[in-house]
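Colleague: here are the coordinates; sequence isn't available:
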């Protein structure tokens with residue numbers, strides 16, 4: 001039996017969070033776009049930091065970031081994984097979109 005070969009594309013909080021409004025949304029979109037390809041596994045570390053429950057966010061740009069992530073999840077045809085140690089703070093819509 002041969003093991004499948006795949007490329008890992010890991011995104012951490014510092015890769016996603018931008019200094020200015022809109023940069024984080026673009027970083028999420030770019031991460032999903034760059035990971036497209038045969039055998040690429042997209043991995044988001046500490047996803048609770050940028051996929052918080054929308055009812056908990058205080059600023060519009062944080063709400064926009066969650067929406068961008070959710071839309072990207074829906075449209076992504078590859079394999080991706082997320083890690084978190086604060087599962088209760090992750091938006092419930094993200095959990096519905098994962099299988």
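Modeller: Thanks, I have it. Here the structure is a predicted model, which is why all the values come from computation and not from measurement.
Colleague: List the buried residues for the helix ranked longest in the chain?
Modeller: Counting residues, the longest helix found in the chain (DSSP state H) is helix 60-75. Within helix 60-75, the residues scored as buried using 16 or more other C-beta atoms under 10 Å are 62, 65-66, 68-70, 72-73. Glycine gets a C-beta too; all of them are placed from N, C-alpha and C.
Colleague: Where does pLDDT dip in this structure?
Modeller: Low-confidence segments of the chain, defined by pLDDT under 70: 1-4, 53, 99.
Colleague: switch to 50 and redo it
Modeller: In the prediction, the chain carries no residues with pLDDT under 50.
Colleague: Helices of that one, residue ranges please.
Modeller: 13-16, 23-35, 60-75, 92-97.
Colleague: who's in contact with the first one?
Modeller: Residues external to helix 13-16 that are found in contact with it (C-beta atoms under 8 Å, 6 or more residues apart in numbering): 24, 27-28, 31, 44-46, 49-50.
Colleague: how does it look with 10 Å?
Modeller: Contacts with helix 13-16, where a contact means C-beta atoms under 10 Å, 6 or more residues apart in numbering, come from 9, 23-28, 30-31, 44-51, 65, 69.
Colleague: and those, which are buried?
Modeller: For those, buried by 16+ other C-beta under 10 Å: 9, 24-25, 27-28, 31, 44-48, 50-51, 65, 69.
Colleague: Out of the residues you listed, which comes closest to residue 37?
Modeller: Distance to residue 37, by C-beta to C-beta, is smallest for residue 9 among these, at 8.8 Å.
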